[in-house]
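Engineer: no sequence on this one, just coordinates:
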């Protein structure tokens, strides 16, 4: 099966023609902050015309359009529910009609994190498993759950995808979601600068002479044996591992897939989370496997074929 | 529909004949610690013969036997998976054959907390809702999830029923389940004596002159305006409300049902959890309703008709 795949993030949109588990051709466009999705749609159509010409794959050979959106999505209605301040016009758009008019193809809209899990399940780290949770460490922390081969949705499409917003620290930091002590508030790119600058003796760390701190800088300092950086990373690892246990107790998976840019340092992360989870999670049936994601930013594009087959 | 209903707890077994949402007759037996379920089955059969004679309802008028068991249950195989040290012989027993031989009736085995939610859904506080989580405050803390009218199970029947074991306190108390900082470890009848005795200035509280502390004693002291008791209850309320938010973020419910003996003081509990959840949970679709359970210890017995209809 061939398909058109769209991955719409906060700062980019990637268009790809995929065939089964291969990306035949793709192109990414930079997107301005506070962009309108309506204004972006003609650019997406043009990009696909270019990709179609370039690959000599006509639209009619494709089974449909898989659209991964960075927000809450109503998959039954094919509409965007909540955009978290990005693409504020998205809930008003009829994307299915746009796909029919532009490509004469059906469209499946899905949350981008759920599509990424479908991609890893179809062609990546989660092949062969049907009971999976995925944590993605980005600006925030994404979480998605698949139970017995089916993505979990819930009444308002929130079930399974708020793993970054499980509270794991009583009386902890206020999270952007309104809750207190969420995994995302206690250890994510968005909260790391605050966490670091308020760390005891932070001025002793080489990080105190850096600009805004991210995980790449933190991990570089850890590899240089910076003691404070090590303490901060250990704190983040404990937060993530505790969040992973919450996901295991919530969704009963056999596999945890860890994704996001920080997994370039999987050697510092996967062994710790794996041993912590298997020491502390209540799983009388056996051990939970913990793996790094394999597909990186291609994961949600490669979710196109499985989402269109459903 | 009429049915035989069994609720097997750690210290008792209740047998009932139910008709739709009514308990026609019931009898409870005390069970010794470390009892064998095999040795108990003849007592259960005899009790049902007595109830059948007393009510003039023959077994053949009943649709089946609903068996609520206090442990993890494989509902597809009709077998007990894990007993948590109670009724250690349960996983070896063929309960379906026992029901056929004793009553010529089919048997449905289910976890007791899941049956209680089915009961509240069918005839109690959760009528009219299909997206529900239930927290039951007993010795430990139970949690069950229903999504779009279906109980959540997961691969190993653990999904949805470990709400008491979501970690909500980083570096908190060790839980009996092996994890750290679980809701159950931070505020339940089993952990309350330890929490109280290590509370700052506990010796100033009237509770320090009580024997082993439970929630009845704690709440009595709160009603007498004992300052330390109030602090401890406030801590427990915060733990429960935080656990409730974790359940909301995990399962996307419209209703939280709170059960267990402590709910005799629902006036001290429901308003706090309701306002905390609706202040802090991320629910762009609207507000989560929080209610006390209505059926008390009858809830799992009244789950008999809905579980047999499935």
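Structural biologist: It's in. What you are looking at is a predicted structure, and each value in this text was computed from that prediction instead of being measured.

Engineer: Just give me the neighbour total for the residue lying closest to residue A:158 once chain neighbours are set aside.
Structural biologist: Once flanking residues are discounted, residue A:158 sits nearest to residue B:252: 4.2 Å by CB to CB, 6 or more residues apart in numbering or on different chains. C-beta here means a position set from N, CA and C on the backbone, and glycine is covered the same way. By other CB atoms under 10 Å in any protein chain shown, 26 other residues sit near residue B:252.

Engineer: Chain B contacts on the stretch 51-200 of chain A?
Structural biologist: Contacts of the stretch 51-200 of chain A with chain B, taken as CB under 8 Å from any CB of the partner chain, map to A:72, A:81-82, A:130-131, A:147-148, A:152-160, A:162, A:165-172, A:177-181, A:186.

Engineer: List buried members of these by neighbour count.
Structural biologist: For these, a neighbour count by 16 or more other CB atoms under 10 Å in any protein chain shown gives the buried set as A:72, A:81-82, A:131, A:147, A:152-160, A:162, A:165-170, A:172, A:177, A:179-181, A:186.

Engineer: Helix or strand: which one has the residue in the stretch 101-250 of chain A that chain B sits nearest to?
Structural biologist: The stretch 101-250 of chain A approaches chain B most closely through residue A:154 (2.9 Å), counting by CB to the nearest CB. Using DSSP states H and E, residue A:154 falls within no helix or strand.

Engineer: wait, it sits on residue B:254?
Structural biologist: No. Residue A:154 is not in contact with residue B:254 according to CB atoms under 8 Å; the separation is 9.9 Å.

Engineer: which neighbours do the two share?
Structural biologist: residue B:131 (CB atoms under 8 Å, 6 or more residues apart in numbering or on different chains).

Engineer: got a list of what the residue of the stretch 101-250 of chain A closest to chain B touches?
Structural biologist: For residue A:154, the contact set (CB under 8 Å, 6+ apart) comprises A:160, B:131, B:147, B:148, B:251, B:252, B:253.

Engineer: Now, those residues that are in strands?
Structural biologist: residue B:147 (DSSP state E).

Engineer: Which of the contacts of residue A:154 fall within helices?
Structural biologist: Counting by DSSP state H, those place residue B:251 in helices.

Engineer: Which of the contacts of residue A:154 sits closest to residue B:230?
Structural biologist: Within the contacts of residue A:154, distances to residue B:230 taken as CB to CB reach their minimum at residue B:253, with 29.7 Å.

Engineer: residues contacting the closest one?
Structural biologist: So residue B:253 contacts A:154, A:155, B:129, B:131, B:132, B:133, B:145, B:146, B:147, B:247, B:288 (CB under 8 Å, 6+ apart).

Engineer: can you put these in a markdown table and add distance to residue B:109?
Structural biologist: Shown next, in a markdown table, are the contacts of residue B:253 (distance: CB to CB, whole Å):
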| residue | distance to residue B:109 |
| --- | --- |
| A:154 | 27 |
| A:155 | 28 |
| B:129 | 25 |
| B:131 | 25 |
| B:132 | 22 |
| B:133 | 22 |
| B:145 | 19 |
| B:146 | 18 |
| B:147 | 21 |
| B:247 | 25 |
| B:288 | 31 |
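
Engineer: who touches the residue most central in space within chain A in this structure?
Structural biologist: Nearest to the mean C-alpha position of chain A, counting by CA atoms, centre = their mean, stands residue A:113 at 4.0 Å. Contacts for residue A:113 were tallied using CB under 8 Å, 6+ apart; they are A:134, A:136, A:142, A:143, A:144, A:161, A:300.

Engineer: and the third one, which of the three is it?
Structural biologist: Per DSSP: H, G, I helix; E, B strand; the rest coil, the local secondary structure of residue A:142 is strand.

Engineer: give me the element residue A:117 is part of.
Structural biologist: helix A:112-123.

Engineer: now stretch A:48-64: how far from the chain's centre is it?
Structural biologist: 27 Å (CA atoms, centre = their mean, to the nearest Å).

Engineer: Can you measure across that stretch, start residue to end residue?
Structural biologist: 13 Å (CA to CA, to the nearest Å).

Engineer: Which residues does it contact?
Structural biologist: For stretch A:48-64, contacts defined as CB under 8 Å, 6+ apart pick out A:1-4, A:15-17, A:24-27, A:99, A:102-108, A:305, A:308.

Engineer: let's see 6 Å
Structural biologist: Taking contacts as CB atoms under 6 Å, 6 or more residues apart in numbering or on different chains, the residues outside stretch A:48-64 that touch it are A:1, A:2, A:3, A:4, A:15, A:17, A:24, A:25, A:103, A:105, A:106, A:308.

Engineer: OK, contacts around the residue of chain A most remote from its centre?
Structural biologist: What lies farthest from the middle of chain A is residue A:204; by CA atoms, centre = their mean that is 34.1 Å. Taking CB under 6 Å, 6+ apart, we find residue A:204 in contact with residue A:228.

Engineer: go on, residue A:94?
Structural biologist: Counting by CB under 6 Å, 6+ apart, residue A:94 has no contacts.

Engineer: returning to that earlier point: which among the contacts of residue B:253 gets closest to residue A:65?
Structural biologist: Of all those, residue A:65 sits closest to residue A:154, with 25.1 Å by CB to CB.

Engineer: And the contacts of the helix or strand bottoming out on mean pLDDT in chain A?
Structural biologist: Lowest by mean pLDDT, DSSP states H and E among the helices and strands of chain A is strand A:79-82, with a mean of 88. Strand A:79-82 is touched from outside by A:69, A:71, A:72, A:73, A:74, A:90, A:91, B:284, with contacts defined as CB under 6 Å, 6+ apart.

Engineer: ok, and the most crowded of those?
Structural biologist: residue A:73 leads the contacts of strand A:79-82 on contacts (other CB under 10 Å) with 28 neighbours.

Engineer: So what sits opposite it in the bridge?
Structural biologist: In this entry, residue A:73 is beta-bridged to residue A:80, by DSSP bridges.

Engineer: Can you tell me how far it is from residue B:126?
Structural biologist: 28 Å (CB to CB, to the nearest Å).

Engineer: returning to what we had before: take the contacts of stretch A:48-64 and write them to JSON lines, including pLDDT, secondary structure and distance to residue A:276.
Structural biologist: Below are the contacts of stretch A:48-64 laid out as JSON lines (pLDDT from 0 to 100; DSSP: H, G, I helix; E, B strand; the rest coil; distance: CB to CB, whole Å):
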{"residue": "A:1", "pLDDT": "96", "secondary structure": "coil", "distance to residue A:276": "40"}
{"residue": "A:2", "pLDDT": "98", "secondary structure": "strand", "distance to residue A:276": "42"}
{"residue": "A:3", "pLDDT": "98", "secondary structure": "strand", "distance to residue A:276": "38"}
{"residue": "A:4", "pLDDT": "98", "secondary structure": "strand", "distance to residue A:276": "41"}
{"residue": "A:15", "pLDDT": "98", "secondary structure": "strand", "distance to residue A:276": "39"}
{"residue": "A:17", "pLDDT": "98", "secondary structure": "strand", "distance to residue A:276": "41"}
{"residue": "A:24", "pLDDT": "98", "secondary structure": "strand", "distance to residue A:276": "40"}
{"residue": "A:25", "pLDDT": "98", "secondary structure": "strand", "distance to residue A:276": "41"}
{"residue": "A:103", "pLDDT": "98", "secondary structure": "helix", "distance to residue A:276": "47"}
{"residue": "A:105", "pLDDT": "98", "secondary structure": "coil", "distance to residue A:276": "45"}
{"residue": "A:106", "pLDDT": "97", "secondary structure": "coil", "distance to residue A:276": "44"}
{"residue": "A:308", "pLDDT": "97", "secondary structure": "helix", "distance to residue A:276": "37"}
